[in-house]
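**Q** Fold the following and give me the result.
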Amino acid sequence: MTPRRLTVCADDYGLGPAVDRGILALAAQGRITALSCLVTSKRWPASGEALEACRAAAGLHFNLTEGEPLSPALRRHWPRFPSLGRLIALSMAGRLPPAVADEFQAQLHQFIAVTDAAPAFVDGHQHVHALPGVRPFALAAAEQLGVPLRNTGRVLGPGFAFKRGVIAACGGRALAAQARARGVAMPSALVGVYDFDPRADYRQLVRRWLPSAPDGALLFCHPALGEPDPGDVIAAARAREMAYLASEAFVEDLDAAGISLA
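**A** Down below sits the predicted model:
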């Protein structure tokens, strides 16, 4: 039987040294096949240059909730990005500033300027790419570049049904429908949602997700290695993810589930 294909994407590359170390180490091991880049941090130029020898596909992790905007137009509205909760509320009320369009272009240009290449895919930090008022720019960029978008309209479990439902309801299903209508590629589904409880057995979570992942699905993860980055509220969960993904247990679990990395 042909193995099911799974993309494993590490999010938040560029956030801090520990996150970058972990993601690059897993890419060198062949344990992840993609990484999603935060280009709004001051360390992005160095982080981006370090991708030159990286084998994993690098995409744009569009950010509206972490740190400060890149574009002067959006900085006039938001000297710092809002919290995710406030962003969702503004988005659902149709009250996002028009300068979000400028910010999307600024982050896309920042990615290209440092890597000298277009992103291999587009997604959003905390899935903001699917929100009303944001997804038109994500769709247009993916269509223009001919690259996939992350699918947040089909978020599979088991477990954490409420959180999965919120992700799909906050624009994920609409994004998937519009992407299909425009011929924009997407993974078949998304797996990897949990609450980042540092006590969670990450291996057991993955072993439950793998059987539910259809061919062409994407597992998103958040590894980090070494001394935690200052202020990282999910540092303990990152360390647990890193330990498992770097272990032979991960390879054994993929084999047992009949899955190959794509």
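**Q** mind listing the strands in the stretch 1-150 of the chain by residue range?
**A** 4-13, 34-37, 57-62, 122-124 (DSSP state E, counting those that start in this stretch).
**Q** In the stretch 151-262 of the chain, where is pLDDT below threshold?
**A** Counting by pLDDT under 70, the stretch 151-262 of the chain has no low-confidence residues at all.
**Q** again, but for the stretch 1-150 of the chain
**A** Low-confidence regions of the stretch 1-150 of the chain, defined by pLDDT under 70, span residues 1.
**Q** go again using 80 as the cut-off
**A** Along the stretch 1-150 of the chain, the model assigns pLDDT under 80 to residues 1-2.
**Q** May I see the strands of the stretch 1-150 of the chain arranged in TSV, with distance to Ile23 as well?
**A** Placement of C-beta: from N, CA and C, glycine included. Below are the strands of the stretch 1-150 of the chain laid out as TSV (distance: least, Cβ to Cβ, whole Å):
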stretch	distance to Ile23
strand 4-13	4
strand 34-37	5
strand 57-62	10
strand 122-124	15
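**Q** Just tell me which of those strands ends up closest to His109.
**A** With respect to His109, and counting by Cβ to Cβ, the nearest of those is strand 57-62 at 10.4 Å.
**Q** could you pull out the helices for the stretch 1-150 of the chain?
**A** Listed in chain order, the helices of the stretch 1-150 of the chain (DSSP state H, counting those that start in this stretch) span residues 17-29, 44-49, 72-77, 84-92, 100-115, 135-145.
**Q** Out of these, which is the most enclosed?
**A** Across those, the average number of neighbours (mean count of other Cβ atoms under 10 Å) peaks for helix 17-29, which reaches a mean of 22.
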